[in-house]
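Enquirer: just need the structure, nothing else, for what follows:
(chains A, B, C and D)
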Amino acid sequence: MEAALGARAGDDAIAVLRDTTPFGDASDAVLARIAALARPARYAAGERIYSVDDVADDLFVVVSGRVEHVFKPEVGAREALKRVTRGGVFGWAGLLLGQTRRLATVSATEPAEVLRIETEALVKLLESEPLEGARAMERFATMIQRDFTVPATLLAQVRRLSGPLTEEMSSLSLTMYRFSLWLKSPRPYLMLIGFALFLGFWYLAVEVWKLPRFREMPGITAVVKEWFAKSPTYGLSLYTEEYYKHIVVSIWRVTQAFFLATILGVTFGLLLGWSRAFKEYVFPVFEMLRPIPILAWVPLAIVMFIATESAVVYLAFLASFFATALNTMLGVESIDESYIRAADCLGANQWQQFQHVILPGALPFIFTGLQISIGVSWFSLVAAEMVSGQYGLGYVINTSYVMVRYPTIVIGMVTLGMVGYATSALVRLAGDYLMEWRVRELALAER
Amino acid sequence: MRRPPAASTRGHIRIEDVVKVYDPEGAAVLAVDHCSLEIEPGEICMIVGPSGCGKTTLLNAIAGFHEITSGRIVMDGEVLCSTERPQSTPGPDRIVVFQNGALFPWKSNLENVIFGPVMQGKLARKEAIDKGRAMMSDAGLSGVEHNYPGEVSSGMRRRVEIVRALMNDPKVLLLDEPYRALDSLTKSVMHEALLEIYYKNKVTIFFITHDLEEAIFLGHRVAIMTTRPCKPKKVLNVDIPHPRDYSVLTSKRFRELIEETNDAVHEEALKAFQAGEKEG
Amino acid sequence: MSEAAAARPEVVPGEITLQGVSKSYGAIGFRKEVVHDCSFTIERAKLTVMVGPSGCGKSTLIRLLAGFEQPSAGTVTLDGAPIIGPDRDRLVLFQETALFPWMTTWDNILYGPRARGELSRETLEFGEFLLAKVGLQDFRDKYPGQLSGGMQRRAELARAMINNPKVMILDEPFRGLDAMTKELMWEYYSRLYEENRRTNFFITTDIDEAVFLADRMLVMSNIPTQVRAVIDVDLPRPRRLSDLVESDRANDIKKQALSILHAEAMRSFSRGSKAAADFVDAYLKRASRA
Amino acid sequence: MSAIARHLSSRAFWRGVGSIVIFLVLWEIGSRSKQWMAPEFFAPFKDVLGSMGFKKDYLPWIGAVPAPSGVLKSWVAVLGQPGYWQSWYMSFFRVMGGFFAAMLIGIPFGLALAVSRVAHGIGFPVFEVLRPIPPLAWVPASIIFWPTQESAITFITFLGAFYTIVINVLGGARSIDVRYFQAAQSMGSSSWDIFRRVVLPGTLPSIVVGSAVGMGITWEVVVAAEMISGGGSQSAGTGGGLGFFIWNSYVGGSYEQIVVGMISIGIAGFVSSELLRWGGRFVTPWLKVR
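Expert: Numbering: from 1, shown residues only, chains lettered A, B, ... in the order given. Here you go, the predicted model:
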């Protein structure tokens, strides 16, 4: 049965492997290594190659002639019988997770020439080439599913190598992939040009050309020097303890306002969306107050609250509360009626519906609201601090203007920008974490 | 021979002289006009009619989402709703599969499937997961348990939804044009998948569609409804033996049944079309 | 309408040939093949229908024919010349309507000639003729939002025909219409084709639609898509809906196509979780566009 | 019954009116708490308030707020004074100045970011870095930079609206479906033609939304800008404008006028946003047809 084939056979083997689906577009190097594993064999017409439940050791590639491949009934293949000709691959049971026995009986219907490849050796070879290996495994799955009519359960057992194509593509590998794409594209260089233009213009306009209006503005070198100075002339830099005190005070005020607004705003919004009567009673008053600009409340807040500290936090809270409540209400109203009806059918009581349908369903809108709310609370905090605060970044900016310490104004502004960005990034992260289903759905919908 | 193959006793629905009048902004609209229909237990009953003809109103009445104006709907001897008690309470014995799907996108497929029994406290979470996993692999859905509905194909979402319904061992499955958004090839695959599940579970199916071929391919009986206000115009007994597969679509008997009912359906569709019924 | 016929420029049908065309997306390691070694010809003056399971890569083929993308391997030529970019000779009707919502029906129809600066008297006359042909005279100044699904499709047909393309490519244009309107559009569209015998390439997943419309039917495999069978539909023209149901020849063709397609659809369906494959797919498309 | 009549008689309307009336009544009682808490009877209650750190002689917070009746009285008085209307005009002038500047610069900038990849590469990162800085943090810098106080405040209102308009225009232009571009391209449109007849009209709805929201923000910002620059912790400057009017009332101790100022600003903001949305409907006729 075994007939030795000469060196010419080597090129023949590569030619045949090139015809198969799994190795069709493998690189020449890998193909040569697979061909080296292959042992040619020849069968007469009617001779059986292997039968059901034999040990699944080798993989077969048909070089010439034709074989008949009949699945055992338990496999549940839609078409039990399959004829395999040149370029066809069979005997791949060894590639299935935990499958050691043959799933079919194969016999040559006419004189046939095949290549036998030891399955375990092939898997090791493919694992040594992670990229191409994963590719080949993926093509095996496509081939099995396209040429052999096997049910999905069997198909799902095709051994996945640990290469990038494994099922559990974690979001980390996706972000890495996105980052590598970003690096390869021209965007980072354009960004550098953008910043160079902006900072360059600032430097030239103020310090070099001394344009009319720009002369009094603090120059970039002054600001940077002040910011990084060990002992800054105006007492505020990365090394002074007071700088961080202002930051902490501002952040603490925003946090208090944000959490208070989130708890009250979300509950109020859920009630507004959930019960029609409540909305009919309360929403008109809510809408009457909403257009009043938050900062118009400043004097009234000072009067209402004895301590300026609580007045400042109240103003930041007010801004967030309106944004959160409104978006939560919109979230509840956006939930498709059929979800609530489905929960009804499935026997969920009111509270269970609230917990498993209303809240998760409204979550995307709630987080849109929270994004706006964190931005708006910084917006109002700064004004409140400028007008009435003792500490905080707004106060720093205003007093450094009054005391003509211009570089510190810019330091205050830049710090405010960074801190604002960081807090809203935190809210976004929390949103992505809580709504993983949405992150995947958006990724799939290419957004 | 009209009795469905298995002599199951649950899910026998009698719709007796039901009338439904809507009054959006005061203009009384007659949606269902003295409709009477009987659905045998364990039978697939198809309701065919042009869009907007009031078939969904019937389904909503059985499910308990809307009330009826007069008449009675009885299931297995128990009065669901009547002139005195116009709205029945939704329950796990009558589960609806909605047109655009109602799988909770924020729960994984398996979580969706076990939602019913766990909420009603019928099964402990552990048991529900085992039963859910078994039913899902039975319907060829193994491997997608932990994916979110948004990540699987629309055909597969449909099957998860049906498995979610069957987990509660309902008396009747109320399907509201579930395959309307699918392309016709996936539709034919879904039909076979539905029949596969039906043969295993023998639940009564109340199926609404405007696609005549789908009705005759699936149904034991097909009720052709008039355009609004809807009432059964013709009831056809489909004597093609079960189990059926796609080859039925090109069989002689199937084509005869299509010809027999085609003009009846077309006539209603034309009336609806001229009456300017909103499409779909 | 003899004088209107004069206004109608002579239709010169084109022929598209695909030779060993393959298309895959993504960088090495994430490479995903969508079209695998496809070779067929869309014959001149014929209505060729391509029918295949959903998600098998048909729309990728359309993007190659329309010139929005280039094949990874093989060549796509129109009358011998390779297709490099979108062009008025090959106009595509997308699955969802691409009528400009902010233009009235009349402005939509005239978009092509106006964009190319060819708004001659004859073109306007031809426009009026087409507007009447698609039965939208009294919807002339309405916005697409005010038209029904069927009317939008007919307006889009008129917008394409005014540019007198050599090949019309339609991507499942009647999907989403309810059964009633769909059948009306079948008859309507085959009348339109029979009148000027322009080369038409029609893509669908509905076998009845394919059998009713086609002169030649290409039955496609599941992803990565390949031509599984070519069936010549020799039903007499003009085609009638009643023939579709009664004629045995039509039923045999349907049976032949159905056996192939059903197996393909089952495969694309039982392909395990859509997640992994399509996750990569969605990714690659965006990556290739980045 | 006409729509308005039906709306008037609907239960929801009367519930709304009822709740507003109750709100005003409660407000009245709350602010009068000083009087009705005067008798001995409330002494223990006052001690509790004191121990909690609140002022003893009236309800916390609401007690300090002037009663609606007082506010109405002072509003009627103020209507006569030219200064009140003058501050309306000043604020209105600053808001319109900043708003139209934001439209003039923001819309082209947003469109440029959306259309050209290079512009987006260069401009967007800088824009994103500056955006988190609240507009009011620019007040000192703006006062230093701009010659007059008028232009300083207008710059702040400009900043307030600018970020919102750019984000909305960019988002709107990006969300135009790719098939409109493909359709226009295959009908032979030049890229300028596509910009003029696809990108611009497609982005119009988002421009309207962006400007309405931007307008709302300008009113928020103008109040504070006037307070901080005109009044604020320094000596009473010339200032002018509703913001200054409110601050001046506070400094002058007439608290009723503060609430009058607040309500006037609320009305001004609401009216101008609604006007913009109403105007927007004319610019996008195809949206209102549905």
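Enquirer: close to chain C: what parts of the stretch 1-150 of chain B are there?
Expert: Taking Cβ under 8 Å from any Cβ of the partner chain as the criterion, the neighbours of chain C within the stretch 1-150 of chain B are B:50-51, B:140, B:143-144, B:147. Where C-beta positions appear, they are placed from N, C-alpha and C, glycine not excepted.
Enquirer: the strands in the stretch 51-200 of chain A, which residues?
Expert: Under the criterion DSSP state E, counting those that start in this stretch, strands of the stretch 51-200 of chain A are mapped to A:58-64, A:67-71, A:81-84, A:89-90, A:104-108, A:112-118.
Enquirer: among these, which is nearest chain D?
Expert: With Cβ to the nearest Cβ as the measure, strand A:89-90 is the member of those nearest chain D (39.5 Å).
Enquirer: the closest one pairs with which strands, parallel or anti?
Expert: Sheet pairing of strand A:89-90 (DSSP bridges) gives strand A:58-64 (antiparallel).
Enquirer: check whether stretch A:216-227 contacts chain D.
Expert: Yes - with Cβ under 8 Å from any Cβ as the criterion, chain D is reached by stretch A:216-227 at A:216-217.
Enquirer: show me what contacts C:Asp37?
Expert: By Cβ atoms under 8 Å, 6 or more residues apart in numbering or on different chains, the contact set of C:Asp37 is C:20-22, C:73-74, C:226.
Enquirer: so it: helix, strand or coil?
Expert: Secondary structure for C:Asp37, judged by DSSP: H, G, I helix; E, B strand; the rest coil, is strand.
Enquirer: neighbours of A:Ile340, how many?
Expert: 16 (other Cβ atoms under 10 Å in any protein chain shown).
Enquirer: likewise D:Gln81?
Expert: Per other Cβ under 10 Å, the neighbour tally for D:Gln81 reads 10.
Enquirer: that one and chain B: what is the separation?
Expert: To chain B, D:Gln81 is 48 Å away according to Cβ to the nearest Cβ, to the nearest Å.
Enquirer: where does the stretch 151-280 of chain B have low pLDDT?
Expert: Counting by pLDDT under 70, the ranges of the stretch 151-280 of chain B that qualify are B:275-280.
Enquirer: for chain D, see how far away the residue of it found nearest chain A is.
Expert: Of all residues in the stretch 151-280 of chain B, the one sitting closest to chain A is B:Glu151 (5.7 Å; Cβ to the nearest Cβ). To chain D, B:Glu151 is 23 Å away according to Cβ to the nearest Cβ.
Enquirer: contacts only, for the closest residue to chain C within the stretch 151-280 of chain B.
Expert: When scored by Cβ to the nearest Cβ, the stretch 151-280 of chain B has B:Asp183 as its residue closest to chain C, at 3.7 Å. Neighbour list for B:Asp183: C:54, C:172, C:175, C:205-206 [criterion: Cβ under 8 Å, 6+ apart].
Enquirer: I figured C:Gly176 hits C:Gly150, correct?
Expert: No - C:Gly176 is beyond contact range of C:Gly150, at 10.6 Å (criterion: Cβ atoms under 8 Å).
Enquirer: for the host helix or strand of D:Trp75, packing partners?
Expert: Here D:Trp75 sits within helix D:68-80, counting by DSSP states H and E. For helix D:68-80, the elements it packs on are helix D:11-31, helix D:255-283, judged by 3 or more Cβ pairs under 8 Å, 6 or more residues apart in numbering or on different chains; DSSP states H and E.
Enquirer: rerun at 10 Å
Expert: helix D:11-31, helix D:82-115, helix D:242-252, helix D:255-283 (3 or more Cβ pairs under 10 Å, 6 or more residues apart in numbering or on different chains; DSSP states H and E).
Enquirer: for those helices, give me TSV that also has mean pLDDT.
Expert: Formatted as TSV, the helices and strands packed on helix D:68-80 follow (pLDDT from 0 to 100):
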stretch	mean pLDDT
helix D:11-31	89
helix D:82-115	91
helix D:242-252	87
helix D:255-283	90
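Enquirer: the residue lying farthest from the centre of chain D: what's it in contact with?
Expert: If you look at how far each residue of chain D sits from its centre, by Cα atoms, centre = their mean, the farthest one is D:Glu40, at 45.2 Å. By Cβ atoms under 10 Å, 6 or more residues apart in numbering or on different chains, the residues touching D:Glu40 are D:Lys46.
Enquirer: how about the residues of chain D near chain C?
Expert: Residues of chain D lying close to chain C (Cβ under 10 Å from any Cβ of the partner chain) are D:177-190, D:193-194, D:197-198, D:200-202, D:204-205, D:284-290.
Enquirer: nearest residue to the residue of the stretch 51-200 of chain A found nearest chain D in space, ignoring adjacent ones along the chain?
Expert: Proximity of the stretch 51-200 of chain A to chain D (Cβ to the nearest Cβ) peaks at A:Leu190, 2.7 Å away. Distances taken as Cβ to Cβ, 6 or more residues apart in numbering or on different chains put D:Gly121 closest to A:Leu190, at 2.7 Å, once the chain neighbours are dropped.
Enquirer: and the helix or strand containing the one you found, how far from the chain's centre?
Expert: Of the helices and strands defined by DSSP H and E, D:Gly121 is found in helix D:117-130. Centre-to-centre, helix D:117-130 and its host chain are 27 Å apart (Cα atoms, centre = their mean, to the nearest Å).
Enquirer: the closest residue to chain A within chain D and chain B: what is the separation?
Expert: Using Cβ to the nearest Cβ, the closest approach of chain D to chain A is made by D:Gly121 at 2.7 Å. With distances taken as Cβ to the nearest Cβ, D:Gly121 is found 32 Å from chain B.
Enquirer: for chain A, what helix or strand is lowest in average pLDDT?
Expert: Least confident helix or strand of chain A, by mean pLDDT, DSSP states H and E, is helix A:152-155 with a mean of 63.
Enquirer: centre-most residue in chain C?
Expert: Closest-to-mean residue, chain C, Cα atoms, centre = their mean: C:Leu170 / 1.6 Å.
Enquirer: quick one: that one and C:Phe201 touch, right?
Expert: Yes - between C:Leu170 and C:Phe201 there is a contact under Cβ atoms under 10 Å: 7.2 Å.
Enquirer: between these two, what contacts are shared?
Expert: Shared contacts of C:Leu170 and C:Phe201, defined by Cβ under 10 Å, 6+ apart, comprise C:47, C:49, C:62, C:92.
Enquirer: closest to chain A out of those residues?
Expert: C:Ile62 (18.1 Å).
Enquirer: pLDDT at the closest one, what is it?
Expert: C:Ile62 is assigned 89 on the pLDDT scale.
Enquirer: count of neighbours near it?
Expert: Neighbourhood size, C:Ile62 [other Cβ under 10 Å]: 23.
Enquirer: check B:Ala181 too.
Expert: Neighbours of B:Ala181 using other Cβ under 10 Å come to 15.
Enquirer: wait, what's in contact with it?
Expert: Neighbouring residues of B:Ala181 by Cβ under 10 Å, 6+ apart: B:99-101, B:154, B:158, B:187, C:175-176.
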